[in-house]
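Chemist: how would this look folded up:
(2 chains)
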There are 2 protein chains.
Amino acid sequence: MSRTSQEIRLAARPQGRPDASTWELATTEVAEPGPGEFLVQLQQISLDPAMRGWLNDVRSYLPPVQIGAVMRAFGAGTVVASQHDDFAVGDVVSGTFGVREYAISDGKGVARLDLDVAPMSTWLGALGMPGMTAWFGLEDVGRAQPGDTVLVSAAAGAVGSTVAQLAKAKGCRVIGVAGGPDKVAWLRDLGLDEVIDRREGDLLRQVRRAAPDGVDVYFDNVGGELLDAALANLAHGARIAICGAISTYNDETLAEGPRRYMALLVFRASMQGFVVMDYEDRYGEAIAGISELIGDGRFVATETILEGGVPAFPDALLGLFDGVNTGKLLLAI
Amino acid sequence: MSRTSQEIRLAARPQGRPDASTWELATTEVAEPGPGEFLVQLQQISLDPAMRGWLNDVRSYLPPVQIGAVMRAFGAGTVVASQHDDFAVGDVVSGTFGVREYAISDGKGVARLDLDVAPMSTWLGALGMPGMTAWFGLEDVGRAQPGDTVLVSAAAGAVGSTVAQLAKAKGCRVIGVAGGPDKVAWLRDLGLDEVIDRREGDLLRQVRRAAPDGVDVYFDNVGGELLDAALANLAHGARIAICGAISTYNDETLAEGPRRYMALLVFRASMQGFVVMDYEDRYGEAIAGISELIGDGRFVATETILEGGVPAFPDALLGLFDGVNTGKLLLAI
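Modeler: Numbers count the residues shown, from 1 in each chain, chains lettered A, B, ... in the order given. Presented below is the predicted three-dimensional model:
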């Protein structure tokens, strides 16, 4: 049996926004899995803001993708051949398989997905990395309590829409920030208390109006102007969970920092960074919690699935930065 | 008995660095204390970086000094007349008496000083606000542990020199940053493990060289470039205690923020602001701890005392920003 697999490789490190020169589309012969290995046919690939960081040759929480290597990506698919004791043909799995059609795996970091609980796309969204990020960022870093005012950036995105709904379920007053009237309307339908359209500008005043008593927890996915607007409107003892800074990821130089960081002193507030992988031992707790809310109908898992397969990856990634998605953004393979 | 008192009033809010137009020197008749009041003759006035912030008409942890009002200042002196049950003539006291020769007080926020424990100047330094700031910033905010690498900015200043010595006494590896060879030499004599001269520039590389395994606790009094240099060189799980940002206090516009704040994510680090007044209930704990170290000879309390009395206040304050002091800066009245 001979198969070929399309894959996207990193051709050159981008300056600023990735373009055609960043990527190379290649086709390889698919090898058979060796002892202790299995072969996955990918069906969905996850588009994540963190991907932009992996393209830079800098020290971070994961090593950069090497030039010529297959682009790192999380995804899900079905086992189609196996010499591994724990994974059988037909198993549906998720893992860091890369942007490709077929991947060989030794099982490390691979999870078996129970499609009776939720569809594959939700296992990559609310029950996957974005969901875990939302849960531990809100619970452990933000230490949200019932009654707290929680401000969520990129609230229509994969992580943000999960944070917003978890905070509502917890009894918080939730303010979401998103771009454009469609997302604003969608977030209002989700039951958020206030929704700010960032395209209307003057975020500092918009946040002040939405949170007259100050923000207790700010879940920051975007950085930039919104982080400063949040800092200017903190409540006493506020917590800022730093999850990402998507507004700056394509900047060619290091973006400006939060000018109003001294508000941390005025409001006795803290700003803490976190990386979801550190909570791997506790994913079960978050999956149980979010599954229960989905089962109760108190949580709407939402995904935007793009078509086009592996060759569509470069455009899909740009779409993520342009905010084409509502909820989790996936690419169907 | 009729006495006069010189005082410094805020004449106009400064743009940037205060100058002659900022202040007005006035002389008033000293009133006799009424029932429940006492009169203090001031002997030393404390010069503090926070004073610059009190001149701005912005919401902060204390209200701004009003135009025409006596400049707020902490100081110490002797009670010379009293109708207060708890304070007698001859008592030596400290409190927020303002920049003046004589002050009437009702005793709120006033402490009696035991000159057998330490001289008045030390009660305004290592055993006063700067000492309390150092203690709680290092213990509670920085959560310094023996063996930690502790980076201290403005290490020859009132707070910094206390932080550095407390951290050494705790068994930390201490790196101090100061401006100029005299201060560097003084800090080496105090027993710091590494001393960086900020005037030699390239702070990012200097911090990297001094802390090859990363900084566990950064005690930030200065902001600016050094905060970014610290962020770039954090250890996993590092804590940044935000105490001040003296390098930016005279800027006419809001200074740039820390560009490298996303290092908080990479290093799972936190940055927390604090204000010493919040720890007022626990000052006794810090005073006991620092007094013991002074008694043991493990702590050198240092003050720089300027002459010239009340009229010298404007220049003394500028001297603080120019770093004329080693240890606590005081003005003798």
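Chemist: So residue A:136 sits against residue A:287, correct?
Modeler: No. Using CB atoms under 8 Å, residue A:136 is not in contact with residue A:287, being 11.8 Å away. (Glycine included, C-beta is placed from N, CA and C.)
Chemist: What distance do you get for the closest residue to residue A:49 other than its chain neighbours to residue A:263?
Modeler: What sits nearest to residue A:49 in space, not counting adjacent residues and going by CB to CB, 6 or more residues apart in numbering or on different chains, is residue A:246, at 4.4 Å. Distance of residue A:246 to residue A:263, given as CB to CB, to the nearest Å: 22 Å.
Chemist: now swap in residue A:139 and tell me
Modeler: 24 Å.
Chemist: go on, residue A:105?
Modeler: Taking CB to CB as the measure, residue A:105 falls 46 Å from residue A:263.
Chemist: Could you do residue A:270 as well?
Modeler: As judged by CB to CB, residue A:270 and residue A:263 stand 11 Å apart.
Chemist: shared neighbours, the two?
Modeler: When contacts are counted by CB atoms under 8 Å, 6 or more residues apart in numbering or on different chains, the set common to residue A:270 and residue A:263 consists of residue B:273.
Chemist: what does the stretch 151-300 of chain A put close to chain B?
Modeler: A:223, A:228, A:242-245, A:254-275, A:278 (CB under 8 Å from any CB of the partner chain).
Chemist: The residues you listed in strands, which ones?
Modeler: A:242, A:270-273 (DSSP state E).
Chemist: what's the closest of these to residue A:67?
Modeler: residue A:273 (27.7 Å; CB to CB).
Chemist: related to what we said a few turns ago, narrow the residues of the stretch 151-300 of chain A next to chain B to those that are buried.
Modeler: Buried residues within those, defined by neighbour count using 16 or more other CB atoms under 10 Å in any protein chain shown: A:223, A:228, A:242-245, A:255-275.
Chemist: For chain B, see how far away the residue lying closest to residue A:221 once chain neighbours are set aside is.
Modeler: Leaving aside its chain neighbours, residue A:221 sits nearest to residue A:154 (4.2 Å; criterion: CB to CB, 6+ apart). In this view, residue A:154 and chain B are 15 Å apart by CB to the nearest CB, to the nearest Å.
Chemist: Got the confidence number for residue A:154?
Modeler: On pLDDT, residue A:154 comes in at 94.
Chemist: Check whether the most centrally placed residue in chain A sits in a helix, strand or coil.
Modeler: Most central in chain A under CA atoms, centre = their mean is residue A:130, positioned 4.3 Å from the mean C-alpha point. Put simply, residue A:130 is helix when judged by DSSP: H, G, I helix; E, B strand; the rest coil.
Chemist: where does it land on pLDDT?
Modeler: pLDDT at residue A:130 comes out at 95.
Chemist: Next: residue A:53.
Modeler: Looking at residue A:53, its pLDDT is 89.
Chemist: Could you give the separation between the terminal residues of stretch A:218-233?
Modeler: 10 Å (CA to CA, to the nearest Å).
Chemist: meant to ask about stretch A:59-77
Modeler: End residues of stretch A:59-77 are separated by 31 Å (CA to CA).
Chemist: same check, this time on stretch A:196-210
Modeler: For stretch A:196-210, the first and last residues are 8 Å from each other (CA to CA).
Chemist: Just confirm residue A:52 is within a helix.
Modeler: Yes. Read with three-state DSSP, residue A:52 is one of the residues of a helix.
Chemist: Might one say that it is in contact with residue A:22?
Modeler: No. Between residue A:52 and residue A:22 there is no contact under CB under 8 Å: 10.5 Å.
Chemist: Tell me the backbone dihedrals of residue A:313, please.
Modeler: phi -60, psi -50 (degrees, to the nearest 10).
Chemist: quick one: it from residue A:97, how far?
Modeler: Going from residue A:313 to residue A:97 by CB to CB gives 13 Å.
Chemist: Spell out which residues are contacts of both of those two.
Modeler: residue A:73.
Chemist: what about stretch A:107-124, distance to the chain center?
Modeler: Here stretch A:107-124 shows a centroid-to-chain-centroid distance of 16 Å under the convention CA atoms, centre = their mean, to the nearest Å.
Chemist: okay, how far is it across that stretch, tip to tip?
Modeler: 17 Å.
Chemist: what does stretch A:45-62 give?
Modeler: Note: stretch A:45-62 ends 19 Å apart using CA to CA.
Chemist: Check stretch A:105-119 too.
Modeler: 22 Å.
Chemist: so what's residue A:251 up against?
Modeler: residue A:16.
Chemist: Okay, and residue A:42 sits in which element?
Modeler: Per DSSP states H and E: residue A:42 is located in strand A:38-46.
Chemist: Adjacent strands (with direction) for that strand?
Modeler: strand A:75-82 (antiparallel), strand A:102-105 (antiparallel), strand A:328-332 (antiparallel) (DSSP bridges).
Chemist: Point out the most buried one among the ones you listed.
Modeler: Comparing these by mean neighbour count (mean count of other CB atoms under 10 Å in any protein chain shown), strand A:328-332 ranks first with a mean of 24.
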